[in-house]
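Engineer: curious how this folds, go ahead:
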Amino acid sequence: MPDKSSSTDSAFRVLVVVSRPLDLDELPIIADQWALINGLATVKAPVEIKVLRPPTIESLQIEIFSGYDILHFDGHGTFAVACPNCSKLNSPSSKKCSRENCGASLEKEKPRGYLAFEKDDGTEDALAADELAEMLQSIPGSPTKLIMLSACESAKGGKNSLAASLIRSGLPCALGMKVSVPVALTIALSKALYSGLGAGMTISNAFKSGVSALSRLPDIEFQEPDSREVKRIRAKDVPELKGDGGIILAQPKTHGSLILEKTNIFGVPDYDFVGEFIRGDPPRGRKDLLFQVIKALNNSEKLVVLTGQGGIGKSVLAAVAARRIAWRYPGGVFWRSAADIENMDLSKLLDAFDNIFGYEFRTLPPDAKQTKVMSYLQDPLTQSLIAVDNAEMIKDPAIWRFLEGLPQSSAALVTTREALKREGTQINVIQMEPLEAARFFKTEARRRSPRWGEHLQKSETDALDEITKILEGHPLGIKLAAALVSSDSLENIQQNLRKAPPKEISDRFDFSYNTLTEGQQKLLQRMAAFVGSVADWAIDEISTAQLSWMIRRSSLINGKTILASWYVNPLWT
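Structural biologist: Sure thing, here's the model as predicted:
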């Protein structure tokens, strides 16, 4: 990712806000923020792009004083009535607040446009469009000329749209979207728009260049509220520019190149995330688990542990949480997996800090490494997060002494199958909720067939619901079943599961392939080819007790096909 320390060569400056509140149903793909940032890294223009971290209103109020020509907001926007009692946003036609135990009258309240920022804990914090405009205009000589609103219906609603509200509030120019958009559209539009502005084009002409870049993208499908009808709109018809498009942000032939702030994230996997925030007392769903992790770290908890069975999704949750809260750790986020490092000890764990000290750091004695790292972590300007995955495989007690002895400003995020008898916050990761499981199945199926599941019949929807129910919402089981859609129908997968329903499916995945010796791994791979026809006495003769247990419990939906795919194809390991 491009990174420079000075902005003297930039022609204009952009502040990007990527907001994905955990308690909103909209915009569920929260990992899109990294795709957007990586996409913007390829912009060919003399522009400085800064990503607001965390994406809170308080952070915006402070950062905006640095002066930005463009504010780019990627998140949810809506036109609503705010309850004067509890601040909940209600539909414009509501007469009473819809929040349970509130019901305050909304008769005297006027609808306004709102943008969904986040609080420190990742939940929603709405900011009215006119308040945003007032914030920007309160800065003497404010250079902000364009507000770009992507990934929300910001141009929908005519004079009541978010973009129109900003123009009425006195901002020069606003770019909005008529429907919710995928990140690919935002990247394509942004790259062409910013490049055009950097070449000295007016906002209007740069916008036209950006729209032209969308002509090759597929149509966008959307649904009107309270309607099941799926409509389509051409990608190039989605963005809409309002206000004074004659403004020029950079002079022609301006020299310089992209400047994009670097993020100190080292080794953290970039997993796709599927999850929901299901309201209740207490809330449920994958997004609630993320909320619990972030809340604990924000409360200065030094050790946060995700526990749960094998394949339940602990690693994904830890990686997504680490990326979301990276703003809190200017010293860096360091990821180490005990499954990837043979016999991981404290010295190997500390080797992650060679990203800071250089590769020669690895040659130091263990005590010298620990002293140097602890000195680094004690500095408030370099407080860090250490994430340790698959910790059930760790045998070195020195690692736990190190993690428990971290300075208060730094923290550790750990995943393990068994609860630890240690201080800290332990969060149990359970199976997916039904809605999450169905969405996850579709996501995995589309890896094989990109448009799979767009128009399922009721019989297919019913089959999908039963499949995820039989699989008990277990992510790894769902992933394995979804892999079959390229060669089989939902109904056939459903029938196979009915004929041989996997009992105690969670236990089937509660083991680690990586804990086997090399010889045991080879044996298990070979056994996978015909496991369904091997007698118990033969299994006992050729295997250890551990391997025998694994072979007996590792058949699922035409066992030999699934097991062979799982252990031979790296996708499943």
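Engineer: all the strands of the stretch 201-350 of the chain, residue numbers only.
Structural biologist: Here the stretch 201-350 of the chain has its strands, by DSSP state E, counting those that start in this stretch, at 220-223, 230-233, 239-243, 259-260, 265-266, 303-307, 332-337.
Engineer: which among those strands is found nearest to residue 105?
Structural biologist: Residue 105 lies closest, by Cβ to Cβ, to one member of the strands of the stretch 201-350 of the chain: strand 220-223, at 31.1 Å. Any C-beta I mention is one placed from the backbone N, CA and C, and that applies to glycine too.
Engineer: could you give the average pLDDT over that closest one?
Structural biologist: Averaging pLDDT along strand 220-223 gives 79.
Engineer: where does the stretch 401-550 of the chain have low pLDDT?
Structural biologist: For the stretch 401-550 of the chain, the stretches with pLDDT under 70 are 501-550.
Engineer: now the strands of the stretch 201-350 of the chain in a markdown table, with mean neighbour count and distance to residue 282?
Structural biologist: Formatted as a markdown table, the strands of the stretch 201-350 of the chain follow (neighbours: other Cβ atoms under 10 Å; distance: least, Cβ to Cβ, whole Å):
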| stretch | mean neighbour count | distance to residue 282 |
| --- | --- | --- |
| strand 220-223 | 15 | 30 |
| strand 230-233 | 12 | 35 |
| strand 239-243 | 21 | 40 |
| strand 259-260 | 21 | 39 |
| strand 265-266 | 18 | 30 |
| strand 303-307 | 23 | 17 |
| strand 332-337 | 22 | 28 |
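Engineer: in a markdown table, list these along with distance to residue 149.
Structural biologist: Listed next are those as a markdown table, based on distance: least, Cβ to Cβ, whole Å:
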| stretch | distance to residue 149 |
| --- | --- |
| strand 220-223 | 16 |
| strand 230-233 | 17 |
| strand 239-243 | 10 |
| strand 259-260 | 21 |
| strand 265-266 | 27 |
| strand 303-307 | 34 |
| strand 332-337 | 29 |
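Engineer: closest to residue 162 out of the ones you listed?
Structural biologist: strand 239-243 (10.1 Å).
Engineer: note down every partner strand of the closest one and its orientation.
Structural biologist: In the sheet containing strand 239-243, its partner strands are strand 173-177 (antiparallel), by DSSP bridges.
Engineer: give me the mean pLDDT for the strand it pairs with.
Structural biologist: 92.
Engineer: state the next helix or strand along the chain beyond it.
Structural biologist: Later in the chain than strand 173-177, the nearest helix or strand by DSSP states H and E is helix 183-198.
Engineer: pLDDT of that following helix, averaged?
Structural biologist: Rounded mean pLDDT across helix 183-198 is 89.
Engineer: pull the CA atoms of that helix into CSV?
Structural biologist: C-alpha atoms of helix 183-198 as CSV (Å, rounded to 0.1, in the frame of the first residue of the first chain):
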residue,chain,number,x,y,z
VAL,A,183,-18.0,-2.0,-3.2
ALA,A,184,-16.8,-2.7,-6.8
LEU,A,185,-18.9,0.2,-8.0
THR,A,186,-17.6,2.5,-5.4
ILE,A,187,-14.0,1.6,-6.3
ALA,A,188,-14.5,2.0,-10.0
LEU,A,189,-16.3,5.4,-9.6
SER,A,190,-13.8,6.7,-7.0
LYS,A,191,-10.7,5.8,-9.0
ALA,A,192,-11.9,7.6,-12.2
LEU,A,193,-13.4,10.5,-10.2
TYR,A,194,-10.3,11.2,-8.2
SER,A,195,-8.0,10.7,-11.1
GLY,A,196,-10.0,13.2,-13.2
LEU,A,197,-10.0,15.8,-10.3
GLY,A,198,-6.2,15.3,-10.0
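Engineer: and the angle from it to strand 173-177?
Structural biologist: Angle between the axes of helix 183-198 and strand 173-177 is 160 degrees (criterion: axes from the mean of the first three to the mean of the last three Cα atoms, to 10 degrees).
Engineer: from the contact counts, what lies against helix 183-198?
Structural biologist: Under the contact definition 3 or more Cβ pairs under 8 Å, 6 or more residues apart in numbering; DSSP states H and E, helix 183-198 sits against strand 12-18, helix 32-40, strand 47-51, strand 146-150, helix 203-212.
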